[in-house]
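Enquirer: What follows is a predicted structure for the sequence shown.
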Amino acid sequence: MTTEEKTTPHASLAAALSAFQYELPRIQKGSRNDHFKSNYADLADVVGVVLPALARQGLAWITVPTLTSAGFVLEYSLKHVGGESIDGSWPLPDPSAATPQAVGSAVTYAKRYALSAVTGVAPDEDDDGNQASKAEPEGWKRLIDDSKSIEELTAVYQRADAEGWKTPQVLASLNARRAVLNAAARENGEAPRD
């Protein structure tokens, strides 16, 4: 980190994530899938851009493949320097029933998608699954960012579903905004809502 890239202190995880999302970094699709004839952002593309941007806001991203009573999962946590966190898990294939390569691929996939979903980032020209969907309306990101409650966010989700623009990028942004709203609710002593 250079002297120009100092960490910006934020009082809460919600404020730090909001600042990160305000300056949401662009992620280029630097890898090629020849089978599907498409470009995609691999884990290195995503973390190379996202982790330094999170760190500048006082946030850290942690992932740990873990065997739990529910099975093999990738546990993840977005941690704020003040101690707050957004935690979750992503199911992984049973390592005793899958090849090491399949498990490794699943871990890499889970790391990339969990990070994108929690932070709201999406690679440039993200069209995974969009070929059968309608285009997002102008200003869709603003609809999500301006949602002040879970009810308002749910209304945006329902509109996206009804109008056919519930794309991975929209879902990632909805999930990230939900996490921010729930973190703010916890800060105010309220129970988070889904």
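Expert: Cool, the structure landed. Numbers count the residues shown, from 1 in each chain.

Enquirer: Looking at stretch 84-95 now, give me its mean pLDDT.
Expert: Stretch 84-95 carries an average pLDDT of 91.

Enquirer: Which parts of that stretch count as buried, going by neighbours?
Expert: Going by neighbour count (16 or more other Cβ atoms under 10 Å), the buried part of stretch 84-95 is 84-86, 88-90, 92, 95. (Glycine included, C-beta is placed from N, CA and C.)

Enquirer: Regarding it, how distant is the last residue from the first?
Expert: Start to finish, the residues bounding stretch 84-95 are 31 Å apart (Cα to Cα, to the nearest Å).

Enquirer: Give me the contact list for it.
Expert: Outside stretch 84-95, the residues within contact range by Cβ atoms under 8 Å, 6 or more residues apart in numbering are 12-13, 65-68, 70-79, 102-103, 106-107, 110, 113-114, 118, 179, 183, 186-187.

Enquirer: before we move on, what about stretch 172-183?
Expert: Outside stretch 172-183, the residues within contact range by Cβ under 8 Å, 6+ apart are 12-14, 17-18, 21, 78, 84, 86, 116-122, 141, 144-145, 147-150, 153, 156-157, 160, 192-194.

Enquirer: and these, which are buried?
Expert: 12-14, 17-18, 21, 78, 84, 86, 116-122, 141, 144-145, 147, 150, 153, 156-157, 160.

Enquirer: From these, which land in helices?
Expert: Among the buried ones among the contacts of stretch 172-183, the residues falling in helices (DSSP state H) are 13-14, 17-18, 21, 116-119, 141, 144-145, 150, 153, 156-157, 160.

Enquirer: Any idea how far the helix or strand hosting residue 186 is from the middle of the chain?
Expert: Following DSSP states H and E, one finds residue 186 within helix 168-187. Relative to its chain's centre, helix 168-187 lies at 9 Å (Cα atoms, centre = their mean, to the nearest Å).

Enquirer: relative to helix 13-22, how tilted is it?
Expert: 150 degrees (axes from the mean of the first three to the mean of the last three Cα atoms, to 10 degrees).

Enquirer: In helix 168-187, which residues are buried?
Expert: 168-185.

Enquirer: Ok, stretch 157-166 next?
Expert: 157, 160, 165-166.

Enquirer: a markdown table please, covering those and showing distance to residue 50 and pLDDT.
Expert: Shown next, in a markdown table, are the buried residues of stretch 157-166 (distance: Cβ to Cβ, whole Å; pLDDT from 0 to 100):
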| residue | distance to residue 50 | pLDDT |
| --- | --- | --- |
| 157 | 24 | 83 |
| 160 | 24 | 82 |
| 165 | 24 | 80 |
| 166 | 23 | 75 |
